[in-house]
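Participant: Just the structure for this:
(chains A and B)
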Protein chains: 2
Amino acid sequence: MLAKSRLKYIQSLAHKKFRETSHEYIIEGPKLLEEFLVNRPELINEIYALDTWVYGAKRLLSSVDPSKILIISDIELEKVSVLSTPNQVLALVKKFDTPDSPILKDQFTLVLDNIQDPGNLGTIIRTADWFGISQVVCSNESADVYNPKVVQSTMGSILRVQVFYLDIEKWIAAQKDIPVYCTALEGKNLFDMQPVKEGLMIIGNESKGVRPSIMKSATEKITIPRYGGAESLNAAVAAGIVLAQLCRK
Amino acid sequence: MLAKSRLKYIQSLAHKKFRETSHEYIIEGPKLLEEFLVNRPELINEIYALDTWVYGAKRLLSSVDPSKILIISDIELEKVSVLSTPNQVLALVKKFDTPDSPILKDQFTLVLDNIQDPGNLGTIIRTADWFGISQVVCSNESADVYNPKVVQSTMGSILRVQVFYLDIEKWIAAQKDIPVYCTALEGKNLFDMQPVKEGLMIIGNESKGVRPSIMKSATEKITIPRYGGAESLNAAVAAGIVLAQLCRK
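Facilitator: Have a look, this model is predicted:
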């Protein structure tokens, strides 16, 4: 049985300001829970689950202190879940300890200028993970990586990709020794690019693209050629196409 | 002032069965309205808009019979809108007359096996449009292209891409003279593929991929190589990466 105060607390974690003071966030569903239980069980603070799930996940749960697991009803799960279709289990997990700034040497880093849609941000992190990128730098105005919709859209990649929030305008301008690639309307044809091993790749906001004040730090502007009528591409799709081309081996 | 019966009717169009009997669907927001007003004004049955929008769009609206335009209040718009943030204007538009089956000669056609998420379907149609693909064939079980979330995610590409619903298992098996490409776990490396001019490209369901009964009709299986830890890619991102590689010029 879920106490009313606990229910309210979990609901509050849908909001960034409460996640900031509590240093924890929500993950949901058997698949994401399994990823955390297998790879980072120490991050799990509390599990709220239907009894059927707990029964089926017995072996996975052996590494978790039983006092951290609370069995709740369908109706209670519906009240705390942020999913349109609640999926058996929800957990509160500790935020990651992320170093202050990324390590740029010998790796390719994705930079996001003000991605607003949580689904896009999560999908971009998932795509970066697929292509072996382990760092994503977001402008301070971007969607919050601990937003439940972002977390769910990463499909577990939040465990493998470090996400930084920085004043990227200043930070990019300060990078002197690495290539800075930037998606732009009139740049080099993406399909003429060779794979890259180091540097920053900047993807812009859903409707405004990359800010001019950031674009001016680019050492190479890149365009995804258009052969049809659409005015633009979805930001996550654009990121996927660019990463596929630049990270291919 | 919006009559209650009209309000209920518009709300009913969120459901496929009502769209099927009425042969019309909802589009929202100034940008999408403008695309329809400029390119296919004859498809517009009715416009429900805030007075500020109607005033600003005067020139665009000159081709529309004024009896088709109803000024409504913010509160009324909120009641009929399917957007989380209603955006000034909503219209009811006629469904397209689509031929029974696509023309396959001399063009590359995208085939979707049971894409369920409306946002994914809309984003895939938008991406197809970007790369100059004018036909998308969906399995009968896929999300409905006239679902308001699909329509909005196409960002206007619904005007340029013909979408067919077919029993794709039978239909693909009947295609004898064209290449059938299929995304698969163990196929040819996508980055070793040359651009193609003709054929079918099959993209699978979000969690299950392409059905084995369809996979067996493939003449070439294709894999997007993975260099990192993510278990899968978002379906729309995967479609974007594949189309970019195969449609490049």
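
Participant: For chain A, which strand extends over the most residues?
Facilitator: strand A:180-189 (DSSP state E).

Participant: Tell me the buried residues in it?
Facilitator: Using 16 or more other CB atoms under 10 Å in any protein chain shown as the test for burial, strand A:180-189 gives A:180-184, A:187. (Each C-beta comes from the backbone N, C-alpha and C, glycine too.)

Participant: May I see these organised as CSV, with distance to chain B and pLDDT added?
Facilitator: Below are these laid out as CSV (distance: CB to the nearest CB, whole Å; pLDDT from 0 to 100):
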residue, distance to chain B, pLDDT
A:180, 22, 97
A:181, 16, 98
A:182, 18, 97
A:183, 13, 95
A:184, 16, 94
A:187, 15, 96
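
Participant: what does the domain assignment say about chain A?
Facilitator: A:4-94, A:108-247 (automatic domain parsing).

Participant: Only alpha carbons, please: show whichever helix or strand comes after the longest strand of chain A as CSV.
Facilitator: Sequence order places strand A:199-203 as the next helix or strand after strand A:180-189, per DSSP states H and E. Presented in CSV, the C-alpha positions along strand A:199-203 are these (Å, rounded to 0.1, in the frame of the first residue of the first chain):
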residue,chain,number,x,y,z
GLY,A,199,35.7,16.6,-32.8
LEU,A,200,32.3,18.1,-32.0
MET,A,201,29.2,17.6,-34.0
ILE,A,202,26.6,20.2,-33.3
ILE,A,203,22.9,19.5,-34.0
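
Participant: ok, strand A:199-203: who's next to it in the sheet?
Facilitator: If you go by DSSP bridges, strand A:199-203 pairs up with strand A:108-112 (parallel), strand A:180-189 (parallel).

Participant: Can you check which of those strands gets nearest to residue B:207?
Facilitator: When those are compared by CB to CB, strand A:108-112 sits nearest residue B:207, at 25.2 Å.

Participant: how far does that closest one sit from the chain's center?
Facilitator: How far strand A:108-112 lies from its chain's middle: 12 Å, per CA atoms, centre = their mean, to the nearest Å.

Participant: Contacts for that strand, please.
Facilitator: A:102, A:121, A:124, A:128, A:133, A:135-139, A:142, A:168, A:172, A:196-203, A:239, A:243, A:246-247 (CB atoms under 8 Å, 6 or more residues apart in numbering or on different chains).

Participant: Can you go through these and name the buried ones?
Facilitator: A:102, A:121, A:124, A:128, A:133, A:135-139, A:142, A:168, A:172, A:199-203, A:239, A:243, A:246-247.

Participant: is stretch A:7-23 up against chain B anywhere?
Facilitator: No. Stretch A:7-23 is not in contact with chain B by CB under 8 Å from any CB of the partner chain; minimum separation 14.1 Å.

Participant: can you list contacts of that stretch?
Facilitator: So stretch A:7-23 is contacted by A:24-26, A:48, A:76, A:79-80, A:82, A:90, A:92, A:94-95, A:144, A:146-148 (CB under 8 Å, 6+ apart).

Participant: Report the buried residues of that stretch.
Facilitator: Those would be A:10, A:13, A:19, for stretch A:7-23 by 16+ other CB under 10 Å.

Participant: Quote the end-to-end distance of it.
Facilitator: 17 Å (CA to CA, to the nearest Å).

Participant: What's the mean pLDDT across that stretch?
Facilitator: Regarding stretch A:7-23, the rounded mean pLDDT is 96.

Participant: Am I right that residue A:150 is in contact with residue A:123?
Facilitator: No. The criterion here is CB atoms under 8 Å, and residue A:150 misses it with residue A:123 at 9.2 Å.

Participant: And these two? Which one has more around it.
Facilitator: residue A:123 (30 against 25; other CB atoms under 10 Å in any protein chain shown).

Participant: what's near enough to touch the closest residue to residue A:117 other than its chain neighbours?
Facilitator: The shortest distance from residue A:117 to any non-neighbouring residue, by CB to CB, 6 or more residues apart in numbering or on different chains, is to residue A:206 (6.1 Å). With contact taken as CB under 8 Å, 6+ apart, residue A:206 is in contact with A:115-117, A:120, A:234-235.

Participant: before we move on, what about residue A:83?
Facilitator: A:28-29, A:152.

Participant: mind listing which of those are in strands?
Facilitator: Using DSSP E, the contacts of residue A:83 in strands are residue A:28.

Participant: In a markdown table, list the contacts of residue A:83 along with distance to residue A:59, pLDDT and neighbour count.
Facilitator: Compiled in a markdown table, the contacts of residue A:83 are given as follows (distance: CB to CB, whole Å; pLDDT from 0 to 100; neighbours: other CB atoms under 10 Å in any protein chain shown):
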| residue | distance to residue A:59 | pLDDT | neighbour count |
| --- | --- | --- | --- |
| A:28 | 21 | 98 | 22 |
| A:29 | 18 | 97 | 20 |
| A:152 | 24 | 97 | 22 |
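
Participant: The nearest residue to residue A:49 once chain neighbours are set aside and residue B:232: what is the separation?
Facilitator: Distance criterion CB to CB, 6+ apart; nearest residue to residue A:49, sequence neighbours excluded, is residue A:89 at 3.9 Å. Distance of residue A:89 to residue B:232, computed by CB to CB, to the nearest Å: 21 Å.

Participant: and the two? which has more neighbours close in?
Facilitator: Using other CB under 10 Å as the criterion, residue A:89 and residue B:232 rank with residue A:89 on top: 25 against 17.

Participant: Packing partners of whichever helix or strand residue A:91 is part of?
Facilitator: Per DSSP H and E, residue A:91 falls inside strand A:89-94. Applying 3 or more CB pairs under 8 Å, 6 or more residues apart in numbering or on different chains; DSSP states H and E, one finds that strand A:89-94 makes contact with strand A:24-28, helix A:30-39, strand A:44-49.

Participant: At the contact with chain B, which residues of chain A appear?
Facilitator: Close to chain B, as judged by CB under 8 Å from any CB, chain A has residues A:119, A:123, A:126-134, A:153, A:155-157, A:160, A:190-191, A:224-234, A:236-241, A:244-245, A:247-249.

Participant: picking that back up, pull out the buried positions in the strand holding residue A:91.
Facilitator: A:89-93.

Participant: follow-up on the earlier one: next one: the longest strand of chain A to chain centre, how far?
Facilitator: Distance, centroid of strand A:180-189 to centroid of chain: 24 Å (CA atoms, centre = their mean).

Participant: Over to stretch A:205-223?
Facilitator: On CA atoms, centre = their mean, the centre of stretch A:205-223 falls 21 Å from that of its chain.
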